[in-house]
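*Asks:* Just to be clear, the model below is a prediction. Sequence and coordinates:
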Amino acid sequence: MKTKIQQQYSGIGSIHFLENILTVNENPFNIFLVTGNFFYQSSLKDTLEPLLASYDVTHFNDFSANPQLDDVRKGISLFKEKECDLVLAIGGGSTLDIAKSINILTAQIYGSSDKVTRYITKELSLKKPGKPFIAVPTTAGTGSEATHFAVVYIDKKKYSLAHPEWMLPDYVVLDPSLTYNLPAKITASTGMDALCQAIESYWSVYSTEESQQYAGEAIPLIWKNLPVAVNNPTPLARESMMKAANLAGKAINISKTTACHAISYPFTSYFNVPHGHAVALTLGEMFVYNAGVNDDDCLDGRGLAHTQKTMQELMAMAGVTSPDDFNHQWCALMDTIGLERRLHKLGLTTEEDIDLIVKNGFNPERVRNNLRVLTERELKKILYRIS
């Protein structure tokens, strides 16, 4: 896979590199600014407006927490109307994802013809890149600034719009000070998204030496710093989390995610569980399940010995000696950062609710990424154990 070379700026105060990117590197006329509502009412507004004062700015923030098809269409219409020539996305994963989608799809759409859905569902292939793109994450979790895909929901079903090069931002600004005012619940959920990404990437059948290096650096960073960032945030914890989230994003950009992410999407679509929280719900039990891999159900072409070594390395990173101990530590971490672990307390109270998750979360592609064969029967067992 060809990978775009990004220009990345990191560290406290690195948001001020934005001025140099705009004036020296790009010199745009009309900036398409994508933000979430929470972000734009925060103190960063006072920092951003002087940096953008000399440009025409088209501000788009009219979209759902989980980007929908209609949100993308609204953004494309505005982008085309204002003839924007650069995209600046500042916010969480949904903000970055919808900005990616609008940017790349606007480049594919001509006249009044609406082929948006066909591109998202991969019926049509992307033919050309979008405009220059600057990504500034304000959460430490999704890693969207480091990945070549973006999530879009159509009728509660999750799709990934992807291109190995054109979907990657051209510039990334990782300023941990932008996360200082992040509420504890969002810090917890996005942080667990990053940790799940790193762990799933590490055991993915598509992992590589490079992706495992990124993930292996991210996992202990998050495990150590997430409780601090949630409960008693310090600049060091915030900086460590932003670094780790970016590393986790780089890891899944190579390996993709696996079963826990696949299972998470209907939790979000049907029961409004935030994405990172939804992924974390099954990872502890999935760890125990994957650790039981054998010759008959190993999906990784590198063989059983490789997968067993992978699971042992993950246990070492977590400081545990058995899969059950990992699960206990996982539950303890969720308790520490205030994330509910039981499905019935999240609104899933019936057998029909469990069946809904299985029906809509059993994504064949992502389940095949998992190192051990996962059947619907085994998935149901996992869901009942956490119900």
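*Replies:* Alright, I've got the coordinates.
*Asks:* pLDDT weak spots in this protein?
*Replies:* 1-5, 38-43, 111-113 (pLDDT under 70).
*Asks:* ok, which stretches of it are strands?
*Replies:* Listed in chain order, the strands of the chain (DSSP state E) span 7-10, 30-35, 56-60, 86-91, 133-137, 149-154, 157-162, 171-174.
*Asks:* Distance check, residue 152 against residue 241.
*Replies:* 26 Å (C-beta to C-beta, to the nearest Å). The C-beta positions use only the backbone N, C-alpha and C, and glycine is treated the same way.
*Asks:* These two: which is more packed in?
*Replies:* Neighbour comparison, residue 152 and residue 241: the larger count goes to residue 241, with 31 against 26 (by other C-beta atoms under 10 Å).
*Asks:* how near is the residue nearest to that one when sequence neighbours are not counted to residue 248?
*Replies:* Spatial nearest neighbour of residue 241, chain neighbours left out: residue 140 (3.7 Å); criterion: C-beta to C-beta, 6 or more residues apart in numbering. According to C-beta to C-beta, residue 140 stands 10 Å off from residue 248.
*Asks:* Find the residues that touch each one of those two.
*Replies:* residue 194 (C-beta atoms under 8 Å, 6 or more residues apart in numbering).
*Asks:* Do I have it right that the residue nearest to residue 241 meets residue 195?
*Replies:* No. Counting by C-beta atoms under 8 Å, residue 140 sits too far from residue 195 to count as a contact (10.7 Å).
*Asks:* Pick out whichever of the two has more residues nearby.
*Replies:* Neighbour count, other C-beta under 10 Å: between residue 140 and residue 195, residue 140 has more, with 33 against 28.
*Asks:* Contacts only, for that one.
*Replies:* With C-beta under 8 Å, 6+ apart, residue 140 has these contacts: 176, 179, 182, 187, 190-191, 194, 229, 238, 241-242, 244-245.
*Asks:* Mind checking which of those residues are in helices?
*Replies:* 187, 190, 191, 194, 229, 238, 241, 242, 244, 245 (DSSP state H).
*Asks:* now these: which count as buried?
*Replies:* With neighbours counted using 16 or more other C-beta atoms under 10 Å, the ones in helices among the contacts of residue 140 contain these buried positions: 187, 190, 191, 194, 229, 238, 241, 242, 244, 245.
*Asks:* Ignoring the adjacent residues along the chain, who's closest to residue 226?
*Replies:* Closest to residue 226 by C-beta to C-beta, 6+ apart is residue 191, at 4.3 Å.
*Asks:* The one you found touches residue 141, doesn't it?
*Replies:* Yes. If you go by C-beta under 8 Å, residue 191 and residue 141 touch, sitting 5.6 Å apart.
*Asks:* So for the two, which residues contact both of them?
*Replies:* 241, 245, 276.
*Asks:* and the most centrally placed residue in the chain, how far is that from residue 287?
*Replies:* In the chain, the centroid-proximal residue (C-alpha atoms, centre = their mean) is residue 142; its distance is 3.1 Å. Residue 142 is 21 Å from residue 287, where distance means C-beta to C-beta.
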